[in-house]
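*Asks:* Quick one, fold the following:
(chains A and B)
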There are 2 protein chains.
Amino acid sequence: MSAAGFAQTPEPPYYAVIFTSQRTEGDWGYGHMAARMVELAQTMPGFLGVESVRGEDGLGITVSYWRTEEDIRHWKAHSEHQLVQETGKKTWYENYALRVAKVERAYGK
Amino acid sequence: MSAAGFAQTPEPPYYAVIFTSQRTEGDWGYGHMAARMVELAQTMPGFLGVESVRGEDGLGITVSYWRTEEDIRHWKAHSEHQLVQETGKKTWYENYALRVAKVERAYGK
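*Replies:* This next block holds a predicted model:
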């Protein structure tokens, strides 16, 4: 699981935030923000990694991995991230779904 | 959360299987199999929905949602799915990571 695009996560248990989203048309600063959020998340306590894909139709799935639920709450409450969440709802996302899940087991090739 | 590409999941708790994969070059029957697996999964007990995206670079994330862990075990053990898992390891996937997680909370736009 050391290839590009794959998160290097420890043995479970840990947490996953599954963020599914449909982008609106146009960039509106989205590309810049998305790169900045990954950069910022990496500085947060408990951040374990992220996997992110967006298809040509604008549907995307980003899964970020965290050590604890408390770490996820801190990340959600970060001031710069909060601003981004507001703009996301208003401008960048037609629809989104966010799920917080506890990873219980994992394996791979 | 009723838009195309989004799973219509009930109130948590329920389970998610997060499958991240990097495709090899060429189709080798992959497209046909992937459609068939979604069709087959929909007939399995406890199946709640699926969200799936693949990027131009061949990295993909598919998240399927299930009522219980037992439902996930049944799906993994299905004979046709088992054959596909073997071919996946040998032919379709350069790398993959599979994580089973319990969804504890969810919200969306």
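
*Asks:* okay, CA-based contacts and neighbour counts for the rest of this
*Replies:* Fine.

*Asks:* can you list the residues of chain A near chain B?
*Replies:* Taking C-alpha under 8 Å from any C-alpha of the partner chain as the contact definition, chain A meets chain B at A:1, A:3, A:5-6, A:16, A:20, A:51-56, A:59-61, A:89, A:95-109.

*Asks:* switch to 7 Å and redo it
*Replies:* Proximity of chain A to chain B is confined to A:1, A:53-55, A:59-61, A:95-109 under the rule C-alpha under 7 Å from any C-alpha of the partner chain.

*Asks:* Counting neighbours, which of the residues you listed end up buried?
*Replies:* Buried residues within the residues of chain A next to chain B, counting neighbours by 16 or more other C-alpha atoms under 10 Å in any protein chain shown: A:1, A:53-55, A:59-61, A:95-103, A:106.

*Asks:* Skip ahead from the longest helix seen in chain A and say which helix or strand is next.
*Replies:* For chain A, the helix with the greatest residue count under DSSP state H is helix A:30-41. On the C-terminal side of helix A:30-41, the nearest following helix or strand under DSSP states H and E is strand A:47-54.

*Asks:* picking that back up, for the longest helix of chain A, the distance to its chain's centre please.
*Replies:* In terms of C-alpha atoms, centre = their mean, to the nearest Å, the gap separating the centre of helix A:30-41 from the centre of its chain is 10 Å.

*Asks:* In chain A, where's the longest strand?
*Replies:* Taking residue count as the measure and DSSP state E as the definition, the longest strand of chain A comes out as strand A:93-108.

*Asks:* Just list what it packs against, helices and strands only.
*Replies:* strand A:14-23, strand B:93-108 (3 or more C-alpha pairs under 7 Å, 6 or more residues apart in numbering or on different chains; DSSP states H and E).

*Asks:* For it, give me every contacting residue.
*Replies:* By C-alpha atoms under 7 Å, 6 or more residues apart in numbering or on different chains, the surrounding residues in contact with strand A:93-108 are A:1, A:12-24, B:1, B:96-109.

*Asks:* what's next to the longest helix of chain A, contact-wise?
*Replies:* Counting by C-alpha under 7 Å, 6+ apart, residues outside helix A:30-41 touching it are A:Phe47, A:Trp92.

*Asks:* Good, wrapping up.
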